Structure formats: C-alpha cells, structure tokens
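In: predicted model follows, preceded by the sequence.
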Amino acid sequence: MNRSGIAGVVIIALSIAAVAGQAPKPDPAKFLTPPLVKDLYTADPSAHVFNGKLFIYPSHDIDAGVPPDDLGSHFAMRDYHVFSMDAVGGKVIDHGVALDIRNVPWAGRQMWAPDAAEKGGKYYLYFPVKDREDVFRIGAAVGDSPTGPFTPQAQPIKGSYSIDPAVFKDSDGKYYMYFGGIWGGQLQRWASGTYTPKDTYPAKDQPALGAKIARLGDDMVSIAEAPKDVVLLDEKGKALSAGDTGRRFFEGAWLHKRNGTYYFSYSTGDTHFIMYATGSSPYGPFTVKGKILEPVLGWTNHHSIVEFQEKSYLFYHDAQLSGGQTHLRNIKMIELKYRPDGSIIPIDAYIE
Ligand code: FUB
C-alpha cells in the first residue's frame, strides 16, 4: 500500500462512511489502549525517564492542507510539544511548545520524529526537518529542562541526514545516534555518500538499505565519526535483502539494552510492522528475531521502548482519534513483556 493510503479493512469502511458524510469514529472498544493525548494530534513517541519521571517527545501532527503523496508531504508539522507523566495511568501533562520551526534558522518544512537525551544536567532535542533545499537534516537544540524550551543550533548536525534520530546512552556513558528512513525519509538519496536528488534503491536480492549509527561527540550536538550502516541479519546470518519488505528496515529506529543484549527495533514502513533484532554491540550486526507490534490504524507505525518503575513500556501511535487519517495520529502506551529467554511477546493493537 502506498504511503498516502490508509491501512486496513476498518479504514476502508471508515472512508466510505466519511464520503457518505458520517462521522468516521472507530469504536474505542476495538483498540488495545486509549490515546494518551486527546486535544492535539501526536505521533512518533520517543519516551525517556529523566529524574525518575517519564517524558515523551512526539511529533505534533497538524492538518496543513497539503495533499497526500508517497513522499509524506502531508506530514507538514511545525513544532514540538513535550509531555510528562509521574505515573503510568496518571495525568499526561502538556508542557507546551518546546521548539518551533520559526526558531530554527536553517529549517524549511516538515518537522518529523524527534528524540531527546540528557547529559550533565543539560537536555538535548534531536529533530529531523527539511532544510531550505528540501533535504532532510537532523538538528540539535539545547535546554536546561527536559520540557524545554530548546534553543536550536545555528546549523544542522554536520554529517547528519535523513530522518528519525534516536539517541541511546550505553552503560559506559557513550551516546549513539541511530537515524534514517527510506522513501520520503530520503536515505536512498545518500547511497554515494553525498546527496543526489534521485532515488537509488538496491535490487530486491541485494542487501537492503540500513539505518545509520554514529557516536555523538562530547558536546552532544555533533557526531564523532562517519555514520556506519546498521546491518540486519536473518537467522542464517545473511543480510536482509531489499525485497524482504516484511522484515527490512524502513524508518523509526530505536535501541534499548536489556540484560547486556542490545535490541534494535524499527518500522518496516510499507508492510507496517515494528520488528526487532538483537546483537552484542550498539553497532550491531543485529539478528532479526520477530515482531513487536502488528500494524496499527493508519499507514505509519513508529514506537519507542523504555523501562519505568521496573516495567518495560512500548510507546506507539495510531490514528484512532482522527478516524484513520494517516497524518493525524495519537500516541499510546502499553506494557511490553519478555519471555524468560529475552524474546519479546508481540502485541496486537486491536482487541478481537
Ligand atoms: O511523523 C512523520 C514520519 O512518519 C516519521 O518521521 C516516520 O517515522 C513516520 O512515523
């Protein structure tokens, strides 16, 4: 299904209802969890625990009136809000605008999925946005509080490109940024190492394009090395091929560590899964293990995983509140459970 489409039979029914002029509201009882925020559209939730409190850094979806296309032009977001929670099931506080596109000197359009990190009492917001040449870059902004406001750097992070930054702090105190996304995320335009405005994809039987990883500099607003490929292997140790669309990386990278194992998770985009793979180093390679989340209502599937008060949580989104409009999403959370062998129990976002 193309990126402008809407996934699922439920949605086809909803679209027909919309054409017929009826309010296209899906039955809340069909969904595993309710939206966390109901007065704004929010998506791509990156969750972190800072000072014992849960903070969520999502995209802020808006209807900018941009017609949908396969590049995701209708995802025309312009600012970020930060949310916090003291307790699971408790009040979700909206801390207001933490960064506005008007304050980013180099930004053109489309503020996509952000992430955040803390170091030495300073907080860093990482965000993808197209520059004035319509090339996605990753920016960094600095603040004194996890809720912002964040002051953007004058330029994007040197050597960064594409979308969906996710920053992981390892137990040894090193920070790594994972990033990248194909199709509208433009990763396929960097195959030669520099940007070309032409899409170049590997043949179906060749290794798929991977997410990128780079260690962050001590200043947290630079990368300390040339980005490397995050390699995903199948159960036989062979790199996933570009034609393996049910498992290959598309966008939305995330990294968490549990019991010494590195879990790299990501969205398969046009096949709509959240998958995970495990390895013994933040650089990988990672061996694909299985699904974390089945397709949700809406085209995109994007998540994060965080440990809070001794439980693991999956943050994700769907388009429940907007009745399936793929660019108007809402964030959700659910406990994530592991089997004794460390494998993740997959989640179905719908109730039978
Ligand atoms: O929210 C805009 C884009 O949609 C994100 O950057 C992708 O991961 C997808 O969720």
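Out: Here it is on my side, so go on.
In: three-state assignment of the closest residue to F168 other than its chain neighbours?
Out: The shortest distance from F168 to any non-neighbouring residue, by CB to CB, 6 or more residues apart in numbering, is to L255 (4.0 Å). For glycine as for every other residue, the C-beta is placed from the backbone atoms N, C-alpha and C. Following DSSP: H, G, I helix; E, B strand; the rest coil, the label given to L255 is strand.
In: tell me how many other residues surround the residue lying closest to Y41 once chain neighbours are set aside.
Out: Take Y41 and drop its neighbours on the chain: the residue closest to it by CB to CB, 6+ apart is D61, 3.6 Å away. Per other CB atoms under 10 Å, the neighbour tally for D61 reads 26.
In: mind listing what D61 touches?
Out: Residues in contact with D61, defined by CB atoms under 8 Å, 6 or more residues apart in numbering, are 40-43, 75, 77, 327-329.
In: enumerate the residues of the chain near the ligand.
Out: Contact residues, the chain versus the ligand (CB under 6 Å from any ligand atom): 43-44, 59, 75, 112-113, 163-164, 181, 251-252, 300, 302.
In: now the residues you listed as CSV including distance to K291?
Out: Formatted as CSV, the residues of the chain next to the ligand follow (distance: CB to CB, whole Å):
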residue, distance to K291
A43, 20
D44, 19
S59, 23
F75, 24
W112, 23
A113, 20
I163, 22
D164, 19
G181, 19
E251, 16
G252, 14
T300, 16
H302, 15
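In: in strands, which of those residues fall?
Out: Cross-referencing the residues of the chain next to the ligand against strands under DSSP state E gives 43-44, 59, 251-252.
In: tell me the contacts of the residue most central in space within the chain?
Out: Centrality entry for the chain: nearest residue to the mean C-alpha point is G252, 3.6 Å, by CA atoms, centre = their mean. Applying CB under 8 Å, 6+ apart to G252 gives the contacts 44, 113, 164, 181, 266-267, 274, 300-303.
In: rerun at 7 Å
Out: Residues near G252 by CB atoms under 7 Å, 6 or more residues apart in numbering: 113, 164, 266-267, 302-303.
In: what pairs with the closest residue to it other than its chain neighbours across the strands?
Out: In this structure, G252 finds its nearest non-sequential neighbour in S267, 3.8 Å apart by CB to CB, 6+ apart. With DSSP bridges applied, S267 shows beta-bridge pairing to E251, I274.
In: state the pLDDT value of S267.
Out: On the pLDDT scale, S267 is placed at 99.
In: quick check: it touching S304?
Out: No. S267 is not in contact with S304 according to CB atoms under 7 Å; the separation is 11.4 Å.
In: ok, back up a step: tell me the pLDDT at the residue nearest to F168?
Out: 99.
In: what about it, distance to the ligand?
Out: Distance, L255 to the ligand, using CB to the nearest ligand atom, to the nearest Å: 15 Å.
In: top of the contacts of D61 by neighbour count?
Out: R329 (31 neighbours).
In: need the contact list for that residue.
Out: Counting by CB under 7 Å, 6+ apart, R329 makes contact with 41-43, 61, 298, 317-319.
In: would TSV of these with pLDDT and secondary structure be doable?
Out: Formatted as TSV, those follow (pLDDT from 0 to 100; DSSP: H, G, I helix; E, B strand; the rest coil):
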residue	pLDDT	secondary structure
Y41	98	strand
T42	99	strand
A43	99	strand
D61	98	strand
G298	97	coil
H317	98	strand
D318	98	strand
A319	98	coil
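In: okay, those in TSV with distance to P149 next?
Out: What follows is the contacts of R329, written out as TSV (distance: CB to CB, whole Å):
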residue	distance to P149
Y41	21
T42	18
A43	21
D61	20
G298	30
H317	24
D318	29
A319	29
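In: of the residues you listed, closest to S222?
Out: For those, the closest approach to S222 (CB to CB) belongs to A43, at 27.5 Å.
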